[in-house]
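> Pasted the sequence and its predicted model underneath.
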Amino acid sequence: MATKSLSVVAQRRIQSELNEWLRNPPEGCCLESYEPMTSWVIIMQGPEGHGRLYADEVFRIRIDFTENYPLDPPDVVFIPPVPIHPHIYSNGHICLDILYSGHNGGWSPALTMSKVVLSLRSMLASATEKKKPPGDAEYSLRVGNRSPKLSKWVFEDDKV
């Protein structure tokens with residue numbers, strides 16, 4: 001069972017999502033581990049098809065659920081080696097509005113982890129070039145492995 005204290009709502013929701021995932025995993029994704037229940041590791045294949053930059057690559061994503069999930073979003077990060085992408089930092093942090101709540105975040109309790117990983121695959125599929133985000137080295141060095149939710153994200157690029 002979980003190593004941190006979860007609300008009953010969070011426990012039920014995570015268990016429900018886990019059961020659904022195991023019955024019907026999202027395309028190109030599988031669960032590597034879900035013990036403890038509060039921390040999942042997902043293996044995600046890069047999107048395939050003509051012109052797909054990440055078609056032959058495989059990535060790992062860690063999802064750490066909060067005690068107030070689904071009202072609060074989980075921490076979602078790529079485990080190094082991370083994709084070289086304009087919205088993914090070398091430390092695995094992802095600049096994608098649905099992963100954050102607050103002022104300009106797009107998190108909704110209606111989102112599931114299946115929908116989140118499909119959004120990540122879509123983000124990779126829409127990339128037109130492999131490049132790191134501006135200020136990647138400085139950001140990754142400054143924040144290290146702390147929660148990406150502690151960063152003040154600005155979501156203005158909807159092209160990638």
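Sure thing, it's come through. None of the values given here were measured: they were computed from a predicted structure.
> Tell me the secondary structure at residue 11.
Using DSSP: H, G, I helix; E, B strand; the rest coil, the secondary structure recorded for residue 11 is helix.
> quick one: it and residue 63, what's the gap?
Per C-beta to C-beta, to the nearest Å, residue 11 is found 15 Å from residue 63. No exception for glycine: its C-beta is placed from N, CA and C like everyone else's.
> residues in contact with the nearest residue to residue 24 once chain neighbours are set aside?
Residue nearest to residue 24 in three dimensions, not counting chain neighbours: residue 114, with 7.9 Å by C-beta to C-beta, 6 or more residues apart in numbering. Listed by C-beta atoms under 8 Å, 6 or more residues apart in numbering, the contact set of residue 114 reads 17, 20, 21, 24, 25, 26, 29.
> Past the helix or strand harbouring residue 114, which element shows up next along the chain?
Residue 114 belongs to helix 113-125 when assigned by DSSP states H and E. With elements assigned by DSSP H and E, the helix or strand that comes after helix 113-125 is helix 136-143.
> ok, the residue nearest to residue 122 when sequence neighbours are not counted - how many residues close by?
For residue 122, ignoring the flanking residues on the chain, the nearest one in space by C-beta to C-beta, 6+ apart is residue 47 at 7.6 Å. Applying other C-beta atoms under 10 Å, we find 20 residues neighbouring residue 47.
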